[in-house]
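Trainee: let's see this in three dimensions:
(2 chains)
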Number of protein chains: 2
Amino acid sequence: MAQKPSLPKGTRDFGPIQMYRREYILDTIKHVFRKYGFMPLETPAMENLSVLTGKYGDEGDQLLFRILNSGDFLNSTSAEDFENGSKAVLPKITKKGLKYDLTVPFARYVVMNRNEIAFPFKRYQIQPVWRGDRPQKGRYQEFYQCDADVVGTDSLICEAELLAVVEEVFQLLKFNDYSVSLSSRKILEGIAEICGAANQFSTFCTILDKLDKIGLDRVVEELQKSGIKPEGTEKLKEVLSIEGDNEHRLNQLASYFDNSEVGMKGISEARETLTHLVDLGATGNKVNIDFTLARGLSYYTGMIYEVKPTSINMGTITAGGRYDNLTGVFGMPGVSGVGISFGIDRIYDTLAELDLFPEDKARSTKVLITNFDQDSQKHAISILSALRKEGVACEIFPESAKLKKQMAYADKKRISYVLMVGSREIETGVYTLRDMSNGDQMELDLGQLLKQLSDQGA
Amino acid sequence: MAQKPSLPKGTRDFGPIQMYRREYILDTIKHVFRKYGFMPLETPAMENLSVLTGKYGDEGDQLLFRILNSGDFLNSTSAEDFENGSKAVLPKITKKGLKYDLTVPFARYVVMNRNEIAFPFKRYQIQPVWRGDRPQKGRYQEFYQCDADVVGTDSLICEAELLAVVEEVFQLLKFNDYSVSLSSRKILEGIAEICGAANQFSTFCTILDKLDKIGLDRVVEELQKSGIKPEGTEKLKEVLSIEGDNEHRLNQLASYFDNSEVGMKGISEARETLTHLVDLGATGNKVNIDFTLARGLSYYTGMIYEVKPTSINMGTITAGGRYDNLTGVFGMPGVSGVGISFGIDRIYDTLAELDLFPEDKARSTKVLITNFDQDSQKHAISILSALRKEGVACEIFPESAKLKKQMAYADKKRISYVLMVGSREIETGVYTLRDMSNGDQMELDLGQLLKQLSDQGA
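Mentor: Purely as a prediction, here's the structure:
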């Protein structure tokens, strides 16, 4: 009674071709992270629930995957607990959960290793996380996050470096159609102040954040409904109508901030970030100061940025910002930091949609050596050995088979070349090398073959 | 009320230095896998329990980590279930578990993707697995497995290639003090036959497997107690006393196998594997035919091998063998294969104990640029940019600080060089580069600096 196996909803296998493409993205990001001085960290999939719960709001708590205690897991529950339902039973039968993001485990790591860490601590972390969200297109219950953070310094060089990382990563991925929105909680606070909305900052931001979706008129309407005076919404309209390049817009905005200390601070931080970015050798030409960017304001306290493709509709593919208090909840106050998170799945979908992945064969085996019979096999293995000594990724079809079958194998596996080794080739010492991309064939002796294939690199 | 955070027992963080060392091992293994034509695969951490249970025996089922269903997980349980205890409640509150090894998910993947896969399918997989074992030194509840398998062919070239992979991996890791034991279930069956133990093969193997621990006399004693006749144990003693090189020992053993077809088959397979191994360009000089190697006989059906360090006591660090029926349990019969599993944690401990890790600084940032004040900072950032353009991994200390603090940072982070950029250096255009490994200092202008640091590679 064999069962037909299946995958849990919201999870995925990554087969070879997907792996090559994911590696292409992740190797690029890792390379840039390391060039900028970030060091790798990995934390376990399982965390104690005491570490996870209460960190992501009530909704987050509900989306945590909890692991059942081992053994007789009911042994500390009572019939009364059971009658009281899931909430009463829960704490008695589960102590561990799967991590929900990389930030809370990072904070735990920092606290537990505070005496060994060299601060400012620049770490990157690329690992799966788990959330019991309802699965849908592009939303998974198990997915990778790819974060870099610098903690233990307020220096705006760090903000600028993360923006430079973004520029360098997407340049290496040959992806150009994107824009980076840059703002600051402090600028938003300044705008709220001059609109007379300082006391309802979070409502103000929630409404402003809908600008793209509902348009300015309805934003104004909603703000007035929530108590903002017409003079306030008038000021907002003026601020949002400021045009020109980043420098000009910051200068114009500054003229509104005479009485907003926090607003002026936000402007000076934005200016400093942009200056560092250029000094770092980045063009910065994708960065747009955006007064309406109001993401993550429950935790971001300084600069905020997000990256979106411009030529396709994909949503945010990378985002981050500065936060004040990473580890306070674990009893270690005063650790501020700034981070960035690359959305691997969306970057993958973006490159796929724009056909920007390099050919998969660049990462697969380079040469398949044919196997026709017992006699040629031994000879073929010796050529295999010679090629591998030169560092060429190659393989022999492990059993004798018809050419057609072996060619189909090479094709499916995206192998670049097939080398024919049959009795004629062994006799003459001249082998036929077939380029699978165009069907071209070359006749080469062993020396020429080794040179041909190793010259191109492994 | 800040809590003191902790890690679940049996789990670990991998901080930067551990990550560098693990990467050194894993990058080496991946490089060799790919050179031999293996392709990467990743499967989810979570699998349906229907896929996992019943595959690892009763003990394995008990060690599975089960994930509590989301939401009101008690809604399909009754008071009666609860009275009947954990076993009755279990299937109603959990449907998913964490994977226990990489083989069962691999089998599931093969079955689900049988029409797309190019057979013979050579895949490698490096991912964590989870087991609710009691944690102890060197045994974790969450740990990595690192497997490569070829499925869909009986060719002994595959066995030989995996042995060649072992040789190449440990050569690249500069680790030489190991031996590879090679045997075959068929050879063991042949020996059992000539000892008159064919009908109690598994008991015979279990006792034989204790040879190292309890010695020959007690093995003979236990075999006789279990019903093997003295003529049988006498034959065993003769077989175990065969000495000499692999070829000689196989020849000697063959002389006992006149009436054992399976035994002769085992010998001819071992000979063919060794021949292929040499043809593949491997020395094969660590491989010893071992008539007593009796591991994994509940699933291995052909060649079996294991690798142990010889100069330290570490147990098996790598092992594998051929199996007959990977996917039968999922309704796809006839898929045989051969695999290998590198024990990453033990290889890590072995290299650490033998001091074989390369210097960590090779993988950390190469240069730290000092930051003394606002004026020098801008200049320092321009040098940072110039170095990064040359591909040099470098960073600036993000805030002005005393030299001592910056040196301590570089030291803790295993950074190779510190570049001093202060007012004097900016004035003269000559910078001091300090080699952190020996304290040597060089005076270099920008051109010399770029040449010095980029010549050595990033």
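Trainee: got the domain ranges for chain A?
Mentor: A:12-39+A:111-169+A:317-358, A:46-98, A:178-310, A:360-455 (automatic domain parsing).
Trainee: what about the third one, how long is it end to end?
Mentor: The first and final residues of domain A:178-310 sit 5 Å from each other (CA to CA, to the nearest Å).
Trainee: hmm, it in reach of chain B?
Mentor: Yes: where contact is defined by CB under 8 Å from any CB of the partner chain, part of domain A:178-310 touches chain B, namely A:276, A:279-281. No exception for glycine: its C-beta is placed from N, CA and C like everyone else's.
Trainee: who touches stretch A:196-214?
Mentor: Contacts with stretch A:196-214, where a contact means CB atoms under 8 Å, 6 or more residues apart in numbering or on different chains, come from A:188-189, A:192, A:195, A:218-219, A:222-223, A:226-229, A:231-232, A:236, A:240, A:292, A:294-295, A:297.
Trainee: if we use 6 Å, what do you get?
Mentor: Surrounding stretch A:196-214, the residues in contact under the criterion CB atoms under 6 Å, 6 or more residues apart in numbering or on different chains are A:192, A:219, A:222-223, A:226, A:228-229, A:232, A:292, A:294, A:297.
Trainee: what's around residue A:406, how many residues?
Mentor: The local packing count at residue A:406 equals 21, with neighbours defined by other CB atoms under 10 Å in any protein chain shown.
Trainee: need the contact list for it.
Mentor: A:370, A:397.
Trainee: and the contacts of stretch A:196-214 as TSV, adding pLDDT and secondary structure?
Mentor: Conversion of those to TSV gives the following (pLDDT from 0 to 100; DSSP: H, G, I helix; E, B strand; the rest coil):
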residue	pLDDT	secondary structure
A:192	96	helix
A:219	95	helix
A:222	96	helix
A:223	96	helix
A:226	95	coil
A:228	95	coil
A:229	96	coil
A:232	96	helix
A:292	88	coil
A:294	85	coil
A:297	86	coil
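Trainee: of those - the most surrounded one?
Mentor: When those are compared by neighbour count (other CB under 10 Å), residue A:192 ends up highest, at 25 neighbours.
Trainee: let me see the contact set for that residue.
Mentor: Residues in contact with residue A:192 (CB under 6 Å, 6+ apart) are A:198, A:201, A:204.
Trainee: cool, residue A:33 as well?
Mentor: Contacts were defined as CB under 6 Å, 6+ apart; by that measure residue A:33 touches A:124, A:148.
Trainee: tell me which element it falls in.
Mentor: Assessed by DSSP states H and E, residue A:33 sits inside helix A:16-35.
Trainee: strands paired with the helix or strand just after that helix, and their directions?
Mentor: Tracing the chain C-terminally past helix A:16-35 and defining elements by DSSP H and E, one meets strand A:39-40 next. Strands that pair with strand A:39-40, judged by DSSP bridges, come out as strand A:121-130 (parallel).
Trainee: the strand it pairs with: what's the following helix or strand?
Mentor: Moving toward the C-terminus from strand A:121-130, the first helix or strand encountered (DSSP H and E) is strand A:142-151.
Trainee: in strands, which of the contacts of residue A:192 fall?
Mentor: Secondary structure assignment (DSSP state E) places none of the contacts of residue A:192 within strands.
Trainee: which among the residues you listed count as buried?
Mentor: A:201, A:204 (16 or more other CB atoms under 10 Å in any protein chain shown).
Trainee: going by distance to residue B:377, which of the contacts of residue A:192 wins?
Mentor: Within the contacts of residue A:192, proximity to residue B:377 (CB to CB) peaks at residue A:201, which comes in at 33.2 Å.
Trainee: next, count neighbours for the closest residue to residue A:53 other than its chain neighbours.
Mentor: Once flanking residues are discounted, residue A:53 sits nearest to residue A:61: 5.3 Å by CB to CB, 6 or more residues apart in numbering or on different chains. Residues lying near residue A:61 (other CB under 10 Å) number 15.
Trainee: residue A:41 contacts residue A:125, doesn't it?
Mentor: Yes: under the criterion of CB atoms under 6 Å, residue A:41 lies in contact with residue A:125, with a separation of 4.9 Å.
Trainee: how about the residues of the stretch 351-458 of chain A by chain B?
Mentor: When proximity is defined by CB under 6 Å from any CB of the partner chain, the stretch 351-458 of chain A lies next to chain B at A:365, A:381, A:385, A:388, A:393, A:395, A:398-399, A:409, A:412-413.
Trainee: and those residues as TSV, adding pLDDT and neighbour count?
Mentor: Supplementary listing: those in TSV, determined by pLDDT from 0 to 100; neighbours: other CB atoms under 10 Å in any protein chain shown:
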residue	pLDDT	neighbour count
A:365	95	23
A:381	97	24
A:385	97	17
A:388	96	23
A:393	96	23
A:395	97	26
A:398	97	23
A:399	96	17
A:409	97	19
A:412	94	13
A:413	94	22
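Trainee: test my guess that residue A:82 contacts residue B:84.
Mentor: No: with contacts counted by CB under 6 Å, residue A:82 stays clear of residue B:84, the gap being 12.0 Å.
Trainee: name the SS class of residue A:71, please.
Mentor: Under the three-state scheme (DSSP: H, G, I helix; E, B strand; the rest coil), the conformation of residue A:71 reads as coil.
Trainee: over to residue A:165?
Mentor: Under the three-state scheme (three-state DSSP), residue A:165 adopts helix.
Trainee: try residue A:306
Mentor: strand.
Trainee: which strand residues bridge it?
Mentor: The bridge-partner assignment for residue A:306, based on DSSP bridges, gives residue A:181, residue A:319.
Trainee: hang on, residue A:180 packs against residue A:284?
Mentor: No: judged on CB under 6 Å, residue A:180 makes no contact with residue A:284 at a distance of 8.6 Å.
Trainee: what does the stretch 51-200 of chain A put close to chain B?
Mentor: If contacts are counted using CB under 6 Å from any CB, the residues of the stretch 51-200 of chain A sitting beside chain B are A:51, A:65-68, A:70, A:72-74, A:82, A:86, A:94, A:96, A:108-109, A:111, A:118, A:120, A:132, A:142, A:153, A:155, A:157-158.
Trainee: let's see 7 Å
Mentor: Remark: the part of the stretch 51-200 of chain A in contact with chain B comprises A:51, A:65-68, A:70, A:72-74, A:79, A:82, A:85-86, A:89, A:94, A:96, A:108-109, A:111-113, A:118, A:120, A:128, A:132, A:142, A:150, A:153, A:155, A:157-158, using CB under 7 Å from any CB of the partner chain.
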